[in-house]
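J.: Everything below, folded, please.
(one chain, ligands or ions: 2)
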Amino acid sequence: MTILVTGGAGFIGSNFVLDWLAQSDETVINLDKLTYAGNLENLASLQADGRHIFVRGDVGDRVLVDGLLAEHRPRAVLHFAAESHVDRSIHGPEDFIQTNIVATFRLLEAARTYWSALPVTEQVDFRFLHVSTDEVYGALSPDDPPFAETNRYEPNSPYSASKAASDHLVRAWHHTYGMPVLTTNCSNNYGPYHFPEKLIPLMIVNALAGKPLPVYGNGLQVRDWLYVKDHCSAIRRVLEAGALGETYNIGGWNEKPNIEIVQRVCELLDEMRPKADGSSYKMQITHVVDRPGHDRRYAIDARKIERELGWKPAETFDTGIRKTVQWYLDNPAWVEHVQTGAYHDWVAKQYEVA
Ligand code: NAD
Ligand code: DAU
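T.: Ligands and ions are numbered 1, 2, ... in the order given. Next up, the predicted model:
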């Protein structure tokens, strides 16, 4: 048996591939374009593992995707590939429209063509799992209840609007063509292999480098944090038991204001890598100009996935953030390669890439 994972060299995708192969002998076809966010160094431990087949390419390339589906006959497509960073979407939305909407449409069409031609027994078992975000629901006020699956879509950034569009396409492909789709909407992830443009890894990496820790505005915006391995286990569970055409919110009930996150990271570093002069990393915190259209608060109501599929996260924020800080301290080469861009040279050396 085989699964096709898109975006499996990114943060969540690579964690998913590693987790999957630690628990299953099913081959993974990993299709990733290797944008700035794709890093095959994340998957270095799989280099000699025949169960991992890496293909560099665009999910919007019909010829390539049709060929992969015909050759490997996967029982499922798990679609992680996306442009994922809100700030980048504000400064340059084009790639977000191309990948998150247009390429997702092409991938859906490729999957539909493949699925329609499968023998009925295989057709029944096939799944297309679309990995999406809580940001499609827009922003909450402090007193609002957390996002449920029934909340209206009210995306506010080019990133969240492009993800909302892709969710609607996936929904329509189920409603119109009967495609066996599943959609997951997850809150903010953190953990190993997180690219240091996002809040938590940026704070760790900047703190260690003695650089400012830029907190947007007053830092009182709230995000709901989930350790990445818990996101992976939720996706496995939805793939296994999710009801076709349904969406599942994924979160760990860990709402925190940004400033608290940054302070916690500093406290852990003070403990685990104290500065020679005895000062706290908190001295590096710097409030900077706010993100345009910055969403005030996200929070996930994760009761449906718990009630219907029996999924719960294994980590609390305290255990997950400690593991995360430790991982960055233990992996200085990964951090250095990401900061210098050397991870792309490493890829070129290790793999034949187009
Ligand atoms: P990421 O930016 O770390 O990785 C994205 C990966 O997709 C990269 O490896 C990149 O090379 C690849 N990619 C981009 N465009 C591609 C294309 N056209 N064809 C093939 N590959 C392409 O992203 P992430 O944080 O790992 O997020 C993965 C998915 O999870 C995304 O769909 C994102 O919207 C969703 N999500 C992320 C979070 C989070 O907190 N990071 C939370 C909820 C949902
Ligand atoms: O909610 C899920 C989403 O979480 C995912 O869909 C996105 O792919 C993922 O990038 C993430 O989006 P955010 O915008 O919430 O993540 P980011 O790490 O960029 O920012 C988290 C919060 O921290 C946000 O309120 C902005 C703030 N921030 C971020 C950076 C990079 C800062 O204050 N300073 C910073 O330097």
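J.: any idea which element the closest residue to Ser166 other than its chain neighbours lies in?
T.: In space, and not counting its chain neighbours, Ser166 is closest to Thr104: 4.3 Å by CB to CB, 6 or more residues apart in numbering. From N, CA and C alone the C-beta is placed, and that goes for glycine too. Here Thr104, judged by DSSP states H and E, is contained in helix 104-116.
J.: Could the C-alpha coordinates of that helix be exported in CSV?
T.: Output of helix 104-116 as CSV, limited to C-alpha atoms (Å, rounded to 0.1, in the frame of the first residue of the first chain):
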residue,chain,number,x,y,z
THR,A,104,-4.9,22.6,-5.4
PHE,A,105,-7.6,22.7,-8.1
ARG,A,106,-5.3,20.9,-10.5
LEU,A,107,-4.3,18.3,-7.8
LEU,A,108,-8.0,17.7,-7.1
GLU,A,109,-8.7,17.2,-10.8
ALA,A,110,-5.8,14.7,-11.1
ALA,A,111,-7.0,12.9,-8.0
ARG,A,112,-10.6,12.8,-9.4
THR,A,113,-9.5,11.4,-12.7
TYR,A,114,-7.4,8.7,-11.0
TRP,A,115,-10.1,7.9,-8.4
SER,A,116,-12.9,7.6,-11.1
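J.: Contacts for it next, please.
T.: The contact list for helix 104-116 (CB atoms under 8 Å, 6 or more residues apart in numbering) reads 6, 59-62, 65-66, 69-70, 77, 79, 123, 126, 128, 130, 166, 169-170, 173, 177, 179-180.
J.: circling back: ok, the residue nearest to Ser166 to Gln123 distance?
T.: 21 Å (CB to CB, to the nearest Å).
J.: and these two? which has more neighbours close in?
T.: Thr104 (25 against 14; other CB atoms under 10 Å).
J.: what about that one, distance to ligand 1?
T.: 9 Å (CB to the nearest ligand atom, to the nearest Å).
J.: same check, this time on Ala44
T.: 15 Å.
J.: going forward can the numbers begin at 7, since that is how I track them
T.: Renumbered: residue one is now 7, and that last one reads Ala50.
J.: That residue: neighbour count?
T.: 11.
J.: do the same with Ala116
T.: Ala116: 23 neighbours (other CB under 10 Å).
J.: pLDDT at it, what is it?
T.: On the pLDDT scale, Ala116 is placed at 98.
J.: before we move on, what about the one 5 residues further on?
T.: Taken from the predicted model, the pLDDT recorded for Trp121 is 98.
J.: any idea what sits nearest the closest residue to ligand 2 within the stretch 257-360 of the chain, other than its immediate chain neighbours?
T.: With CB to the nearest ligand atom, the shortest gap between the stretch 257-360 of the chain and ligand 2 falls at Asn264, namely 4.5 Å. Spatial nearest neighbour of Asn264, chain neighbours left out: Gly225 (4.7 Å); criterion: CB to CB, 6+ apart.
J.: shouldn't the one you found be in contact with Gln269?
T.: No - applying CB atoms under 8 Å as the test, Gly225 and Gln269 come out as separate, 9.1 Å apart.
J.: Who has more neighbours out of those two?
T.: Gln269 (20 against 17).
J.: in the helix or strand hosting the more buried one, what counts as buried?
T.: Assessed by DSSP H and E, Gln269 sits inside helix 264-278. Buried residues in helix 264-278, counted by 16 or more other CB atoms under 10 Å: Asn264, Ile265, Ile267, Val268, Gln269, Arg270, Val271, Cys272, Leu274, Leu275, Asp276.
J.: quick one, what contacts the fourth one?
T.: Val268 makes contact with Leu205, Met209, Leu219, Val221, Gly225, Ile291 under the criterion CB under 8 Å, 6+ apart.
J.: what about the fifth one, distance to His85?
T.: Between Gly225 and His85 the distance is 33 Å, computed by CB to CB.
J.: What is the one helix or strand Val71 maps to packed up against?
T.: Assessed by DSSP H and E, Val71 sits inside helix 68-78. Helix 68-78 sits against strand 8-12, strand 33-38, strand 58-62, helix 110-122, with contacts defined as 3 or more CB pairs under 8 Å, 6 or more residues apart in numbering; DSSP states H and E.
J.: which neighbours does the second one have in its sheet, and in what orientation?
T.: Sheet pairing for strand 33-38, assigned by DSSP bridges, gives strand 8-12 (parallel), strand 58-62 (parallel).
J.: Give me the number of neighbouring residues for Arg112.
T.: 16.
J.: what does Ala215 give?
T.: 12.
J.: Can you show me the helices along the chain?
T.: 17-29, 68-78, 92-97, 100-102, 110-122, 126-131, 164-183, 205-214, 234-247, 264-278, 309-315, 323-336, 338-346, 348-356 (DSSP state H).
J.: Wondering if the second one reaches ligand 1 at all.
T.: No - judged by CB under 6 Å from any ligand atom, helix 68-78 and ligand 1 are separated, with a smallest distance of 9.6 Å.
J.: Touching that helix from outside, list them.
T.: With CB under 8 Å, 6+ apart as the test, helix 68-78 has contacts from 8, 10, 33, 35, 37, 59, 61, 63-65, 112-113, 115-117, 119-120.
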